[in-house]
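Participant: Predicted model and sequence below, questions to follow.
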Amino acid sequence: METAKNSNEFFERVLAAGAILVNIGDIDILLEQILTEARFFTNADAGSIYTVEDNLLSFEHSQNDTIVSRGERIPYTRYTIPKTKDSMAGYVACTGKLLNIEDVRKIPEEAPYSFDESYDKMAFYRTRSTLTLPLVNNRHVVVGVLQLINAKTDKREFIPFHSTMELLGKYYATLGALALERALMTRTLLMRMVNMTEFRDPKETGPHVNRVGSYSVAIYDSWAKENRIPDEERIHNRDVLRMAAMLHDVGKTGISDLILKKPGNLSADERKTMENHCLLGAEVLRNCESSFDEMARDIALNHHENWDGSGYPHGLAGEQIPFMARITAIADVFDALSSARAYKDPWSDRMVTDEMERLFVNKFDPGLKVHFSSQITVLREIKTTYPEQV
């Protein structure tokens with residue numbers, strides 16, 4: 001990646017990227033963006049980001065240019081490791097100190113931390129240099145860890161992280177920590193609303209709404225890149241959509257338990273009452289004061305409208321249906337088909353794709369079919385990231 005490190009253009013991009021970070025509200029989008037920007041400005045080939053949860057480090061996101069350039073997907077999923085000084089990330093989380101290591105295979109034996117080669121072996125990759133930084137909030141608490149891997153020259157030769165890279169890494173770690181603290185508060189408030197819905201409707205679980213939010217972002221991202229949506233706008237929309245889609249069924253809090261938890265089929269009258277959850281959701285979100293409020297309301301109200309006009313509550317058709325509601329509808333149905341319910345087992349991958357293909361004829365926006373299809377592997381990986389809690 002060629003960048004003029006001393007140019008005004010470079011530093012303008014540094015500041016612009018920082019401004020994007022502080023305006024992101026969703027944790028997943030934020031963590032991914034912190035890692036993306038920090039890697040760009042330090043010329044890091046790869047990297048990972050963790051959040052601190054009590055005595056655990058939660059592995060959230062990983063990026064690797066070398067693996068992607070081979071046409072492969074990064075073989076990592078979310079997992080946790082103990083927050084101890086045994087690992088480099090754990091040491092940084094425990095001490096709040098930065099680690100800049102030129103060669104992970106030459107770590108002194110007396111060091112409290114070591115390098116675990118199992119991830120390299122799994123990915124057929126070779127880690128050399130690492131820059132591991134704490135994300136420290138304004139209360140001086142480490143809330144996350146940013147690990148950058150294999151600094152490189154413009155000719156893609158791996159080198160140690162030098163002092164300028166270290167300084168830029170610290171800058172993004174500081175911005176990231178402040179933004180993460182705010183995003184954690186936003187996620188807490190959002191999940192409280194989700195939990196209210198879950199108490200009423202057992203199908204609306206935390207994993208379900210996280211999957212629907214993540215599926216929606218994957219489909220939108222494919223569409224946005226094909227349509228050359230500017231990065232700043234695309235990142236903003238991803239952020240808002242990720243959170244707004246999670247509230248698609250918030251209106252179910254106003255539906256009677258006799259209907260929500262009925263084990264058998266609903267009567268015509270009961271079905272009509274159930275359909276009112278779209279109107280109730282829009283009412284819950286009626287005071288729109290931000291782009292998030294507006295998108296969440298549009299999705300809650302319209303995610304059961306159909307492309308051919310046969311949906312509810314208003315029978316909208318085609319492009320009358322708000323765009324993000326059209327995307328969320330695809331994500332919601334895909335998850336319902338793929339997941340177990342009290343009345344059914346999860347469908348097989350083939351049955352799901354066949355049914356989704358059929359629904360693109362009249363239920364879903366046909367213009368989004370290619371974007372759903374192109375992301376099907378990503379969607380299935382997301383499903384494993386947010387499994388139902390037994």
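Facilitator: All right, it came through fine.

Participant: Count the residues that sit near residue 252.
Facilitator: 23 (other C-beta atoms under 10 Å). Every residue, glycine included, has its C-beta placed from N, CA and C.

Participant: again with residue 230
Facilitator: Neighbour tally, residue 230, other C-beta under 10 Å: 9.

Participant: Please apply the same query to residue 15.
Facilitator: Residues near residue 15, counting by other C-beta under 10 Å, number 9.

Participant: same deal with residue 289?
Facilitator: For residue 289, the count of nearby residues is 7 (other C-beta under 10 Å).

Participant: May I have the phi/psi pair for it?
Facilitator: phi -120, psi 0 (degrees, to the nearest 10).

Participant: pLDDT score for it?
Facilitator: Note on residue 289: pLDDT of 74.

Participant: quick one: the strands in the protein?
Facilitator: Using DSSP state E, the strands of the chain run over residues 44-53, 56-64, 79-82, 99-101, 130-136, 142-152, 158-159.

Participant: Go through these and name the closest to residue 306.
Facilitator: Closest to residue 306 of these is strand 56-64 (C-beta to C-beta; 34.8 Å).

Participant: what about the closest one, average pLDDT?
Facilitator: The average pLDDT within strand 56-64 is 90.

Participant: name the helices or strands packed onto that strand?
Facilitator: With contacts taken as 3 or more C-beta pairs under 8 Å, 6 or more residues apart in numbering; DSSP states H and E, strand 56-64 sits against helix 27-42, strand 44-53, strand 79-82, helix 88-95.

Participant: CSV please, covering the ones you listed and showing distance to residue 219, mean neighbour count and mean pLDDT.
Facilitator: CSV is the format used below for the helices and strands packed on strand 56-64 (distance: least, C-beta to C-beta, whole Å; neighbours: other C-beta atoms under 10 Å; pLDDT from 0 to 100):
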stretch, distance to residue 219, mean neighbour count, mean pLDDT
helix 27-42, 15, 22, 90
strand 44-53, 24, 23, 93
strand 79-82, 26, 13, 86
helix 88-95, 32, 22, 96
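
Participant: CSV please, covering those and showing distance to residue 122.
Facilitator: Below are those laid out as CSV (distance: least, C-beta to C-beta, whole Å):
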stretch, distance to residue 122
helix 27-42, 19
strand 44-53, 13
strand 79-82, 12
helix 88-95, 17
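
Participant: sorry, back to before: turn the strands of the chain into TSV, columns for distance to residue 378.
Facilitator: Listed next are the strands of the chain as TSV, based on distance: least, C-beta to C-beta, whole Å:
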stretch	distance to residue 378
strand 44-53	18
strand 56-64	13
strand 79-82	19
strand 99-101	32
strand 130-136	26
strand 142-152	22
strand 158-159	28
